[in-house]
Every structure is written in C-alpha cells, then in structure tokens.
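Participant: Got a predicted structure here, sequence first:
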Amino acid sequence: MATLPPRKNPTPTKISKQHLTPLQTLLQLGFPKHRAERALAATGYRGVQLASDWLLAHVRDPTLDSDTQRQYVLYACPTGLLAEQLEQFWSESKFLGWNGAHSFIPHITLVSFFSAPDEFTEELVNALESVIHQDELHERIELETYISPNFMGLFVKDINAEGLKNIAVRYVNKITALGITAEPQIKSLHLTLAYQFPSNLFSPLGLMVEKLKPIAPANWELRLYSRDSRLQNLHVHKVTHAHVPREHDELELRVGDYIYVPEGACGASTDGWVEGISWLTGISGHLPLNHTKRTAESDSWTLHTTVSITDNKRESPEEEEIPKVRRPPPVLSPSDSVDTPDGIPIADEPMAASEAPQTPSREIFICRHGERVDFTFGTWIPYCFESSGCYVRRDLNMPKEIPSRNIQDFQNDSPLTTVGEMQASLVGEAMKSSSIKIDVAFTSPSLRCVQTLTHILKGLESDIPIKVEPGLIEWLAWYPNGIPVWMTSEELIKAGFNVDPDYNPIIKAKELPPKENAAQYYERSYELIKKIIKSTVGNILIVAHAASLAACTRQLTGGKIPSAAEVTRLVQRVPYLACLTARQGIDGWQLHPPPFPPITHTSNSRFDWKVLM
C-alpha cells in the first residue's frame, strides 16, 4: 500500500473557534487589528458583539485610525449606605448650582489620569488584580470632614491612607514595566464633596456637608476607568431629546447619547447652538443645547474592572447612626421588602392590632409607553417609505405594519418598535400573573401610548375599551413646533384599536395650551388625575409618557412641584414600560412598587419606582 509523501508547507493548525480571544474573533471577521483593539478598549472587553457594534457606530469617527491613546484613571469608590448618602448629597447639592465635584462620581483618586495604548488594556486590568494583598484589607476606611471657602471633602485617616497609597504605588510599578508612565497619589487622600463653587454657596454647601456624617457602613472597591482622550477639558451633556439634522453640519441626537461640549461653549453661545462630539459615534457637529442636559463626565467613561479592598461584612450595624428619612415612607405590609427614598432599609416590625392594614379601595397603575421607532432608528421615515408611499419594514425591530395616515404625521407621533410591542405584552402578562384587575384604561393620544396600552390589555387578556385622553400628553415645552397631529378615535378604530368611541375627554386637544412651564404641566396633570379618579370606579390603568409617572402622582401623594431641571432629571430615570402604583388608603394616596418586577434589557435601564417619591 502506498504511503503519503510528506508535505513541505502544511497548513497552519487553526485555532478552535471556541478558544478564540475576542481580538482573534474580530480579526477573523475582517476588522483591522488597530481598530479591533480600539473597540475592545473602548467597550471594556465586554464581548465581540459590543465591540463590533462600536466599530460600526464609529465608522465615520475621524480618530478611528489615529494614534491617540485612551486615558485611564484608578479610583477607590464606596458602595453600600455611604455611597447612597453621597449620591443623595450630589443630587441635593446640584440644586444649588453646578460645581467641580459634580463632574465625577464620589471617589478617592489613587492614580491620576495616564495614557496607554489600546493593546495594553487587558494587561492594565490584570496588573490591578495582582496588587491587592489580603492582609491589607480593612474592615472600614475612616473619613474626616474638611470645610474651607474653596474646598469641601472627606479626608482618609492616616491608619487607612498608607494601605491605599501602597496599592497605588504597587500598581504604578506594575504598569511602568509595560512602558506606561503614571503617577500614584501619595499626598493626603480625600473624597471631594465640592469645589469650584461661587462664594455665595459656601454657607449652604457647608451646612449640607456638616449634616453628611461619613459613618455609614461601606465597602470600598478599586475601579479602573478609561475615557476618550478628546474628553480632556470638555464638559459632558446627556441627550434628552432626539434631533434630526436639517443642515449638513448638524449632529444627529439620539436620546441617551453623551455629547462632549467645549468648556465655556454654552455660555458663549448666542443662538442656543453649540458644537459637540457624539460619544455614540465619535462624529462632531452643531446641536441645539436645549436638547441636552449637563451630566457627570464620568457617566461617559468605560469601566474595566472592580476589585474589593475592604472586608466589611456589616451593611447595617445597630450601633451606626442612621440619618433621618426626609419624606415619610410608603405604608408597608409586613411582607413588603423595599427601601425608603434615601435608601435606608425599613425593618420588618409586627403591626399592632389597631394598625392592621386596610384593604385599599382603589389602585392606579401608570406606565410609560414602550420603545419608539424614531428614538431607536433616528431618521426612519424616508428610509421606510417608498416614493409610492408604501411602508417597507427595513429592520426586524421595526413594526410589521403601521396605521394608514399622513406619512409626515409620524414625524412627531412615532409608532412602537417590535421590541416596544413585546415590552408591553410582557407587562400585561405580568399583571395577569399578579392577579391585577383593571376596571378602566386611559391613554395619551400619542400613537406609541395607544399601541402600548393595546398590547398590555392583550397580555392581561382584558377587552375593556381604551379611553384616549389628550390631557395625558407630556410636557408641551418638548413640542416647540406645536402639538402633534394625532389620529382621531375614528381612525384608531378603523386601524383595529379597541377605542371607546363614546368617551368625552376631560381635556380636549384644542383646549391644550400652546405653551406651558413645568409648574403648569404638573398642575394640568394633577387636576386631570383628580377628575379621572372622581369620574370612575375601580382600578385605573394609564399609559402615558416618562414625565407622566411623577406629574400624575407627585401632588396626589402630598409632594411638591419640582423645578424644570428636576423634571428633566426624573424623565432620564424612567425607562420604557416603567410602571408605578398609587394606592388609596386611610391616609390618602401613596406610592407603592408595582406587584411585578420591572423589565430590563440592553439600553434600557432598570427602573426604580422610588426615584419618583
């Protein structure tokens, strides 16, 4: 039998796909090595899919092929009750005015910003995990308050400072061996509470800092962050409203994106427009400033790893002083397990016989609509409608079909995505599983809200008719071009929606004011919800907008009207299909968590109902 002759140039052994590194996978997909490394560094090595998505989004980024390096920083950050106290302090101090501390999360800097090539990202992470010595872990890190006319902060006591400095020095020594230059913090370690504030804020800020007693239990962890090098000396704004470019030099805005804006540009703008760089795409252009809100620079950073540096097992010791709750907590049954607005656990205590919980007479469930097409796909109308006017589904997340109407009316009245419909159906099914009974259902006239309520009721297996109430439209300040053209009840019925044709709206569309401020919007919503309660019986389901959850319940439950800035901040914390429960008891209406879990997925943050209290 003949033997095979030896081959001079055998094919190199292929690596099994299941053992490919993320970089190797991206290279096999055809991405250039330097781009693949940049994408993995920018996304914190969180997987091939995220890195490839980043590359596709940044295809027009002018720095994609440049030799610029990311900037890294090493922080020690608290977790637990101390972190919650500090976040509350940050939130309250912002109402006095922005200061330098608000640009970052609460932290102690261990290694200042340093630059490193993208190919060293994994080595930077591995180096950090190797410098922690278990015998250096402390049960707690003690802090001392310091207040001066130009700086306020918490300084680390010497007994803990040396251990933190040793960690910083060892880490710098490790990365120096890679050829990376960095400087450890070896001076007084501190957590900054406020700086770069005007002199007139010294007294109110000082009083707030004095009330902040840093004795709450906390664990501490090291966090290695990185940022785009273009961020240096720039402010970060978060997009609150979408914008479709009308000129070639304008930047497309998508809600949730971060924009890098030059320092001083906002104050220097004479027409309300500034030039910025998109975190999502890396592209620069002009944008309307009122479509954004300044936020912490660190919100746009990439987190690469966290490493625990304390060994505090106690999260709520009895001997610790617990701050007083600023607002009364909701009425709880013994089985409830929730936190107060300030994050302080409520201990389960047996209720006296005279305090037996009353059966609530009524409940109101208020939901935000589901994912909308325009916020997901941007300029979708010319992309999805052919010259003949026929709708073409260009993506599986686009609706299979849409109602027949004037195409341009979709511009300010977007339908749901396929994911939005699924979100609504899941909430309806969860309501059914929780034995929730709905007696009457209202919706904003926005198409996305009508669709959301339809799918919720379908999941709930309820056939109650939908009452379209124009008064449930969100804050009209967000419609500078006027109120959208909504589909009429007749058009909605023709499109297959179970709309109540006999419902007489409490606030008709023509009665909506052309303009209103935040206080007027809250008053409109409060008067509307009171009339809805008075004119109906049983449990109420409302589907409206992100701002509606607070606007319809804040005054109903005894709260005060927030400022315009606070209204915008709350909206940013209400994800799609967030749901809130208002329950009527012997003490009036109070907020409660919904009796089913929230819906969380990529690009949709987990909704915490307590932020609206």
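Facilitator: Alright, I've got the coordinates. Numbering: from 1, shown residues only.
Participant: From here on, just use CA atoms for contacts and neighbour counts.
Facilitator: OK.
Participant: Just checking, which helix or strand of this protein averages the lowest pLDDT?
Facilitator: helix 564-572 (a mean of 82; mean pLDDT, DSSP states H and E).
Participant: quick one: contacts of that one?
Facilitator: 240, 517-519, 546-547, 550, 611-612 (Cα atoms under 8 Å, 6 or more residues apart in numbering).
Participant: What are the buried residues along it?
Facilitator: 567-572 (16 or more other Cα atoms under 10 Å).
Participant: And stretch 195-205, by the same measure?
Facilitator: Neighbour-count burial for stretch 195-205 [16+ other Cα under 10 Å]: 195, 197, 202, 205.
Participant: Out of these, list just those in strands.
Facilitator: Judged by DSSP state E, strands contain the following of the buried residues of stretch 195-205: residue 195.
Participant: What is the nearest of the buried residues of stretch 195-205 to residue 362?
Facilitator: Using Cα to Cα, residue 205 is the member of the buried residues of stretch 195-205 that sits closest to residue 362, with 42.4 Å.
Participant: got a list of what that closest one touches?
Facilitator: 93, 194.
Participant: Going forward, count from 21.
Facilitator: Okay, residue one is now 21; in that scheme the one you just asked about reads as residue 225.
Participant: Distance check, it against residue 605.
Facilitator: 38 Å (Cα to Cα, to the nearest Å).
Participant: Quick check: residue 509 touching residue 516?
Facilitator: No. Residue 509 lies out of contact with residue 516 (Cα atoms under 8 Å); the separation is 10.7 Å.
Participant: who has more neighbours, the two?
Facilitator: residue 509 (20 against 10; other Cα atoms under 10 Å).
Participant: Need phi/psi at residue 184.
Facilitator: phi -70, psi -40 (degrees, to the nearest 10).
Participant: quick one on the thing from earlier: find the pair from the contacts of helix 584-592 with maximum spatial separation.
Facilitator: Once Cα to Cα is applied, the contacts of helix 584-592 give 537 and 631 as the farthest pair, at 21.9 Å.
Participant: Show me what the helix or strand where residue 191 lies is packed up against.
Facilitator: Applying DSSP states H and E as the criterion places residue 191 in helix 178-196. Packing partners of helix 178-196 (3 or more Cα pairs under 8 Å, 6 or more residues apart in numbering; DSSP states H and E): strand 128-136, helix 141-150.
Participant: Determine which stretch of these is the most buried.
Facilitator: strand 128-136 (a mean of 20; mean count of other Cα atoms under 10 Å).
Participant: Residues in contact with that one: which ones?
Facilitator: 89-97, 184-185, 188, 192, 200-205, 209-212.
Participant: same thing but at 6 Å, please
Facilitator: Contact with strand 128-136 is made by 89-96, 188, 202-205, 210-211, as judged by Cα atoms under 6 Å, 6 or more residues apart in numbering.
Participant: In helices, which of the residues you listed fall?
Facilitator: Within the contacts of strand 128-136, residues falling in helices by DSSP state H are residue 188.
Participant: now the strand or helix carrying residue 294: how far from the chain's centre is it?
Facilitator: Element membership for residue 294 (DSSP H and E) is strand 293-298. Here the centre of mass of C-alpha atoms in strand 293-298, compared against the chain's by Cα atoms, centre = their mean, to the nearest Å, lies 21 Å away.
Participant: ok, then the element right after that strand?
Facilitator: Downstream of strand 293-298, the next assigned helix or strand under DSSP H and E is strand 304-308.
Participant: what are the C-alpha coordinates of that following strand, in PDB please?
Facilitator: Coordinates of each C-alpha in strand 304-308 appear next as PDB, following Å, rounded to 0.1, in the frame of the first residue of the first chain:
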ATOM      1  CA  SER A 304     -18.800  66.200  15.600                       C
ATOM      2  CA  GLY A 305     -21.400  68.800  14.600                       C
ATOM      3  CA  HIS A 306     -23.700  71.500  15.800                       C
ATOM      4  CA  LEU A 307     -26.600  70.700  18.100                       C
ATOM      5  CA  PRO A 308     -29.400  72.500  19.900                       C
END
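Participant: Give the other helices and strands that that strand contacts.
Facilitator: Counting contacts by 3 or more Cα pairs under 6 Å, 6 or more residues apart in numbering; DSSP states H and E, strand 304-308 is packed against strand 293-298.
Participant: any idea how far the nearest residue in space to residue 537 that is not next to it in sequence lies from residue 264?
Facilitator: Excluding the flanking residues, the one nearest residue 537 by Cα to Cα, 6 or more residues apart in numbering is residue 497, at 6.9 Å. According to Cα to Cα, residue 497 and residue 264 sit 18 Å apart.
Participant: Likewise for residue 165?
Facilitator: 48 Å.
Participant: Of those two, give the one with the bigger neighbour count.
Facilitator: When residue 165 and residue 264 are compared for neighbours, residue 165 comes out ahead with 17 against 14, by other Cα under 10 Å.
Participant: What residues are bridge-paired with the more buried one?
Facilitator: Assessed by DSSP bridges, residue 165 has beta-bridge partners residue 174.
Participant: Before we move on, what's the pLDDT of it?
Facilitator: Reading off the confidence values, residue 165 has pLDDT 92.
Participant: does residue 313 belong to a helix or a strand, and which?
Facilitator: With DSSP H and E as criterion, residue 313 is part of strand 312-315.
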